[in-house]
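>>> Just to be clear, the model below is a prediction. Sequence and coordinates:
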Amino acid sequence: MTITDEGFYTARGYEITAGENALTASMEDYLEMIYRLSQENGYTRVNDLASSLNVQPPSVTKMIQKLAEKKLIDYEKYGMIHLTAEGEKLGKYFLQRHNTLKEFLSLIGATENLQKDVETMEHYVSINNFRVISTLVSFMKEHSHFLSQFHEYKSKLP
Ligand code: ZN
């Protein structure tokens, strides 16, 4: 999965993440986690989601209803939660955004409170700026001397 995969950046995806129909940070976290948990079986359940997100099942149920109203998931009988095609695209994007930001901070050695910072930053970065960061991550990996120079420079700072 790289930034050159244009699949995540649909016009609709952009509307949902940035437009008037914007998702809350919490909705983004849910979609990211549903996508993550669905990798194995193609669906997840309220209880799995609740324990993965460290929240109570009733909160999950409420959020599931909101996401279903936005047509991002289908909540079926037997408690199975499926992403719709749109929800899947977004979940995939949110997971990639999370992983790339984490990689970015790790590469530059900004590892203090890494998880917490990623969880905050991911919800506030615009799609276009995320793409630039993602490109920088690829660049730094391809040009490791550039990264070494940066770390050397950083280590000399008081
Ligand atoms: Zn996240």
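In hand now; what should we look at?

>>> Would you point out the helix or strand in this protein whose mean pLDDT is lowest?
Within the chain, no helix or strand scores below helix 11-18, which has a mean of 49 by mean pLDDT, DSSP states H and E.

>>> Which helix or strand contains Lys102?
helix 85-107 (DSSP states H and E).

>>> Can you point out the buried residues in that helix?
86-98, 100-105, 107 (16 or more other Cβ atoms under 10 Å). Glycine gets a C-beta too; all of them are placed from N, C-alpha and C.

>>> can you check stretch 33-46 too?
Neighbour-count burial for stretch 33-46, counted by 16+ other Cβ under 10 Å, picks out Met33, Ile34, Tyr35, Arg36, Leu37, Ser38, Tyr43, Thr44, Val46.

>>> try stretch 135-144
Those buried within stretch 135-144 under the rule 16+ other Cβ under 10 Å are Val137, Met140.

>>> Please tell me how far it is from the chain's geometric centre.
With Cα atoms, centre = their mean, to the nearest Å as the basis, stretch 135-144 stands 20 Å off its chain's centre.

>>> What average pLDDT does that stretch get?
What stretch 135-144 shows for mean pLDDT is 95.

>>> Using PDB, list the CA coordinates for that stretch.
Provided in PDB are the C-alpha atoms of stretch 135-144 (Å, rounded to 0.1, in the frame of the first residue of the first chain):
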ATOM      1  CA  THR A 135       5.700  11.100   0.000                       C
ATOM      2  CA  LEU A 136       8.300  12.300   2.400                       C
ATOM      3  CA  VAL A 137       8.200   8.900   4.200                       C
ATOM      4  CA  SER A 138       8.900   7.100   0.900                       C
ATOM      5  CA  PHE A 139      11.600   9.600   0.100                       C
ATOM      6  CA  MET A 140      13.300   9.100   3.400                       C
ATOM      7  CA  LYS A 141      13.200   5.400   3.000                       C
ATOM      8  CA  GLU A 142      14.700   5.500  -0.500                       C
ATOM      9  CA  HIS A 143      17.300   8.000   0.500                       C
ATOM     10  CA  SER A 144      18.600   6.800   3.800                       C
END
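
>>> residues near Leu114, how many?
With neighbours defined by other Cβ atoms under 10 Å, the count for Leu114 comes to 13.

>>> From the contact counts, what lies against the helix or strand hosting Glu119?
Element membership of Glu119 [criterion: DSSP H and E] is helix 114-121. Using 3 or more Cβ pairs under 8 Å, 6 or more residues apart in numbering; DSSP states H and E, the elements in contact with helix 114-121 are helix 85-107.
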